[in-house]
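Asker: have a look; sequence and predicted model below, questions after that.
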Amino acid sequence: MIHGLYFFALACLMKLLRALWKRPFPTNAPKLVSGYPVVGALQFFFTQKEFCRSSKANSPTGNYSYYLGQHQIIGLCGTQGRKTFFESRELDLGQGASLLVPFANVVEDPEDPSVDTHTSHLHHIFRTQLLRTQSLQFVPAAIEKCITAALKRITDKGLIDPFEEMTLFYAQSTMAVMGVSEVALSPELSSKVSKLLGAMEGTFHASDMVVPWFLNPLHIPTLISLGRLWVMLWHIISKQRKLGQQQQPSKRDPTKENMFQDMIEQGWSTRAIFKANSPTVASWILMWLTTDPQWMARVRQEIEQVIAKHREKGEPTEDVLRSLHVNTWEHEFPLLRACMLEAIRLVVTLVLIRKNISAVDIPIGDTGEVIPPGTYVTYDAHEVTRDPNVYPDPQRWDPGRFLSDREEHLKEVMAFTGFGGGRQKCREFSIYSDSDNSG
């Protein structure tokens with residue numbers, strides 16, 4: 001016990017000494033925000049919105065530099081900063097996330113681009129294989145049982161908590177799309193998965209600047225959840241891998257082929273499939289629609305018109321929705337899509353982060369400022385999504401902003417950053433859109 005305490009104290013001391021030395025920013029970096037000797041910009045940990053706003057206001061260009069522990073960070077703002085953040089090839093999302101998510105490298109080796117969990121490999125697979133139209137076509141059918149179960153639960157309960165119900169639905173539907181039917185068809189297992197994933201949120205603490213994350217007692221619940229989820233999925237994946245190896249390709253049922261099976265056949269490991277996540281803004285869409293009778297009526301009318309357009313004589317509504325092509329889901333529900341985009345604009349207000357993985361400075365537009373090699377970069381999505389010059393009355397839920405007669409998100413370059421933009425656009429958006437509309 002005493003030796004353990006000595007080891008813990010020694011590790012903290014080494015972390016502290018490293019944090020005391022900070023690599024200086026170059027003279028052409030944005031204006032430096034003052035901070036404390038060890039933790040750096042302490043305000044970032046507690047009031048990110050106010051920190052970003054005040055730092056921007058006190059900088060001549062709006063961009064600013066600061067430290068988190070020993071890490072150099074540059075906050076980008078404005079049109080030029082936004083374009084640099086989303087369009088630069090050298091700003092990497094995966095390695096950027098590792099700063100605020102200390103467990104990222106537990107399931108990924110970012111130094112080796114050949115491994116199946118490397119960001120570039122995942123992007124290639126999603127773009128070239130899993131996000132093709134023919135690959136997405138199975139999504140509505142795959143989550144059909146999940147939708148039926150969710151509607152039954154809602155009907156039986158009468159009064160529901162949309163956040164609780166949609167969390168369970170997305171856990172089930174995500175597992176269904178991935179092909180993990182053992183979890184998808186079990187409300188108990190799906191609820192367990194969603195709770196384990198929820199336990200891994202909020203893993204970044206100011207104490208991480210002083211205490212090594214693997215020794216930080218605040219992370220013990222997260223580590224336990226991570227281990228339990230890994231063991232659960234490892235057993236399921238191993239079982240499905242063995243079944244796939246035993247079955248002859250010619251005898252497989254093509255209607256049961258899915259994204260998960262594609263990954264298994266390509267040799268993807270447990271770690272790769274573990275990287276999946278699920279959206280939550282659908283809960284807010286339900287909340288806003290139920291409190292806005294006008295938009296509820298318009299969305300219902302749109303859905304009824306699409307069903308009438310594609311219905312064969314006497315065909316039940318469920319069969320019509322089941323048979324809709326993926327292109328129909330993407331292009332014939334403009335009102336529903338507008339509701340989704342507006343919900344994302346209001347809900348997704350994160351401070352986004354990347355890292356300069358190149359060996360050279362990255363210029364920030366024509367400001368004369370640069371992002372040094374190895375420096376992390378942040379962008380506060382609030383800057384544009386709450387800008388009244390782009391979105392009048394920005395706190396109000398108004399899906400009409402995204403319809404063709406207004407298109408407020410086109411007033412500024414990349415004025416909608418809910419799913420990223422430029423080279424950093426989320427490649428899983430199509431899956432999200434299909435599952436959200438189907439639900």
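Answerer: Cool, the structure landed. Numbering: from 1, shown residues only.

Asker: rest of the way, CA atoms for contacts and neighbours
Answerer: Noted.

Asker: strands of the stretch 251-400 of the chain, residue ranges please.
Answerer: Remark: strands assigned in the stretch 251-400 of the chain by DSSP state E, counting those that start in this stretch are 351-356, 362-363, 370-371, 376-380.

Asker: what's the answer for the stretch 1-150 of the chain, then?
Answerer: Secondary structure of the stretch 1-150 of the chain by DSSP E, counting those that start in this stretch: the strands cover 31-32, 64-68, 71-76, 91-92.

Asker: circling back to that earlier point, dump the strands of the stretch 251-400 of the chain into TSV; add mean neighbour count as well.
Answerer: Shown next, in TSV, are the strands of the stretch 251-400 of the chain (neighbours: other C-alpha atoms under 10 Å):
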stretch	mean neighbour count
strand 351-356	22
strand 362-363	18
strand 370-371	24
strand 376-380	24
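
Asker: out of those strands, which gets nearest to residue 88?
Answerer: The minimum distance between residue 88 and those falls on strand 362-363, with 8.3 Å, by C-alpha to C-alpha.

Asker: distance check, residue 347 against residue 382.
Answerer: Per C-alpha to C-alpha, to the nearest Å, residue 347 is found 10 Å from residue 382.

Asker: between the two, which has more neighbouring residues?
Answerer: residue 382 (18 against 14; other C-alpha atoms under 10 Å).

Asker: show the pLDDT at that one.
Answerer: Reported pLDDT at residue 382 in the predicted model: 86.

Asker: okay, now the domains of this protein?
Answerer: For the chain, the structural domains run 1-114+350-395+415-425, 119-270, going by the TED database.

Asker: which stretches of the stretch 251-400 of the chain form helices?
Answerer: Taking DSSP state H, counting those that start in this stretch, the helices of the stretch 251-400 of the chain run over residues 259-265, 270-273, 282-290, 293-310, 317-323, 326-331, 334-347, 382-385.

Asker: which of these has the lowest average pLDDT?
Answerer: It's helix 270-273: among these, that one has the lowest mean pLDDT, namely a mean of 40.

Asker: hang on, the earlier thing: turn the strands of the stretch 1-150 of the chain into TSV, columns for distance to residue 222, mean neighbour count and mean pLDDT.
Answerer: Converted to TSV, those look like this (distance: least, C-alpha to C-alpha, whole Å; neighbours: other C-alpha atoms under 10 Å; pLDDT from 0 to 100):
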stretch	distance to residue 222	mean neighbour count	mean pLDDT
strand 31-32	34	20	95
strand 64-68	22	24	93
strand 71-76	23	24	94
strand 91-92	25	24	88
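
Asker: can I get the ones you listed in a markdown table including distance to residue 315?
Answerer: Output for these, formatted as a markdown table (distance: least, C-alpha to C-alpha, whole Å):
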| stretch | distance to residue 315 |
| --- | --- |
| strand 31-32 | 65 |
| strand 64-68 | 60 |
| strand 71-76 | 54 |
| strand 91-92 | 49 |
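
Asker: before I go, just wanted to say thanks for your time.
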